[in-house]
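Engineer: Predicted structure and sequence below. I'll ask about it afterward.
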Amino acid sequence: MSNSDRDSSLIHTTGHRNYGSAQPNSGTSQDDGAIDRWPHVPGFIAHNAGMLYIIASQFFFASMNLSVKMLNSLEPPVHAFEVIVVRMGITLICCVAYMIATGVPDPIIGPKGVRTLLVIRGISGFFGLVGLYSSLQYLSVADATVLTFLTPLTTAVAGCVLLKEGYSVTQAVAGVCSLFGVVLVARPPFLFNTTPDEYYMPEVTPAQRLAAVGVGLIGVVGATGAYTSIRAIGKRAHPMHVMTFFSLWCTIMASLGMVVFNIPVVYPRSWSWSLLLLMVGVFGFVAQTLLTLGLQRETVTRGSTGVYIQMLFAVVLERIIFGVVPSLLSILGAAIIVSSALCVILTRRQPASNSTADSTA
């Protein structure tokens, strides 16, 4: 490794507090201390703990998105900024309370050496959320979903370029196949001969749609920065530090957005409204916790593939809650997504001789 790589803030070096059992940024998916701590846990689970955390987080993300969808069906509708403030406000309170109760050092300002990365994680994560929620105003769910799932591909490239992580042919093929599976499930009308009324709102103009696509792509860039910064931080910060900065900056920036754009606050008018908003906060907190734990243990190039599993959970939950029967193409796409994720999980990648782990051991 060159001297510039050693000095980069994105590459982990010794001298920082380690909040996990494994050496940070080891270049493999294995949590090195997992087997020693839990000898009764099967080796497959221990070696793939990071990926399994990420997959579990996608269930809660899908549940949160379903809650948002149900919330938007109520009257009056809730603006995306208000949803972010409530969701991230709940997450912020839970994170700070947990760290104070358990004695985690520096619960507010975070540990030295990674505070800049924590701020980057918070701000980039905010733009990721705003890009997704705002694009849904003029885009169909199908089109917005396809844009969102560009994130694993861009994240894998960012991890390879910025963090010097390996990017195997298997991971690249699995990523492309997973994206193809997402397209089969979402079936955007610009690729499939579908009825426009099924996907489009008639009042949306081409200019508004183009603007929404641009905002959605900004969200992809924001999510890429968030994922990459989490991996760059690794275990030099507690997972709650990462989530605290994310929720703090999202709450601050969304609140400022409501003030600047004069967005009125919508107050709960029924128990179902309050329950759904609470579910958004709780599901978001659990999902972010699991995702952070996963990305701290997994390379972004490999772990980002697990994000595609969210589409499968979304299809199943919509079937259970709304009674939506998936089409044959949806089933085929879901099968491709699951197969690609399993392929990445089952492919054991050997650490390279010039890996970051070797240079920081």
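Structural biologist: Yep, that arrived. Numbering: from 1, shown residues only.
Engineer: can we go C-alpha only for contacts and neighbour counts from here?
Structural biologist: OK.
Engineer: which residues of the stretch 151-300 of the chain fall in helices?
Structural biologist: Remark: helices assigned in the stretch 151-300 of the chain by DSSP state H, counting those that start in this stretch are 151-162, 169-186, 196-199, 206-233, 239-260, 271-297, 300-303.
Engineer: Low-confidence regions, the stretch 251-361 of the chain specifically.
Structural biologist: 301, 324, 345-346, 348-361 (pLDDT under 70).
Engineer: Which positions within the helix or strand where Ala46 lies qualify as buried?
Structural biologist: Per DSSP states H and E: Ala46 is located in helix 43-47. The neighbour-count check on helix 43-47 (16 or more other C-alpha atoms under 10 Å) flags 46-47 as buried.
Engineer: What helices and strands are in contact with it?
Structural biologist: Helix 43-47 sits against helix 34-37, with contacts defined as 3 or more C-alpha pairs under 8 Å, 6 or more residues apart in numbering; DSSP states H and E.
Engineer: hang on, the earlier thing: among the helices of the stretch 151-300 of the chain, which comes closest to Glu318?
Structural biologist: Nearest to Glu318, of all the helices of the stretch 151-300 of the chain, is helix 169-186, at 12.6 Å by C-alpha to C-alpha.
Engineer: For the helix holding Ala46, what does the pLDDT average out to?
Structural biologist: Helix 43-47 carries an average pLDDT of 74.
Engineer: What of stretch 240-247?
Structural biologist: 93.
Engineer: And the pLDDT for Ser134?
Structural biologist: 80.
Engineer: Make 43 the first number, not 1, from now on.
Structural biologist: OK, 43 is where the count begins now, so the last one is Ser176.
Engineer: Please report the distance of it from Gln250.
Structural biologist: According to C-alpha to C-alpha, to the nearest Å, Ser176 and Gln250 sit 11 Å apart.
Engineer: And these two? Which one has more around it.
Structural biologist: Ser176 (19 against 15; other C-alpha atoms under 10 Å).
Engineer: what sits against that one?
Structural biologist: By C-alpha atoms under 8 Å, 6 or more residues apart in numbering, the contact list for Ser176 reads 122, 254, 257-258.
Engineer: can you count the residues close to the nearest residue to Gly345 once chain neighbours are set aside?
Structural biologist: Nearest residue to Gly345 in three dimensions, chain neighbours excluded: Met93, at 5.6 Å (C-alpha to C-alpha, 6 or more residues apart in numbering). Look at Met93: counted by other C-alpha under 10 Å, it has 31 neighbours.
Engineer: Against Gly256, how distant is Lys277?
Structural biologist: Distance, Lys277 to Gly256, by C-alpha to C-alpha: 34 Å.
Engineer: One more: Thr247?
Structural biologist: Thr247 sits 14 Å away from Gly256, going by C-alpha to C-alpha.
Engineer: Comparing those two, which residue is more hemmed in?
Structural biologist: Taking other C-alpha under 10 Å, Thr247 and Gly256 do not tie; Gly256 has more neighbours (15 against 11).
Engineer: check which helix or strand covers the closest residue to Leu178 other than its chain neighbours.
Structural biologist: Excluding the flanking residues, the one nearest Leu178 by C-alpha to C-alpha, 6+ apart is Ala186, at 6.4 Å. For Ala186, the host element (DSSP H and E) is helix 183-190.
Engineer: And the strand or helix carrying Lys111, what's buried?
Structural biologist: Following DSSP H and E, one finds Lys111 within helix 91-114. Buried residues in helix 91-114, counted by 16+ other C-alpha under 10 Å: 91-110, 113-114.
Engineer: Show me how far it is from its chain's centre.
Structural biologist: Its chain's average C-alpha position is 9 Å from that of helix 91-114, according to C-alpha atoms, centre = their mean, to the nearest Å.
Engineer: immediately after that helix, which helix or strand?
Structural biologist: Per DSSP H and E, the first helix or strand lying C-terminal to helix 91-114 is helix 122-144.
Engineer: relative to helix 281-302, how tilted is that next one?
Structural biologist: Put simply, helix 122-144 runs at 150 degrees to helix 281-302, going by axes from the mean of the first three to the mean of the last three C-alpha atoms, to 10 degrees.
Engineer: Touching helix 122-144 from outside, list them.
Structural biologist: Residues outside helix 122-144 that contact it (C-alpha under 8 Å, 6+ apart): 147, 149-150, 171-172, 175-176, 282-283, 285-286, 289-290, 292-294, 296-297, 299-300, 307-308, 319-320, 322-324, 326-327.
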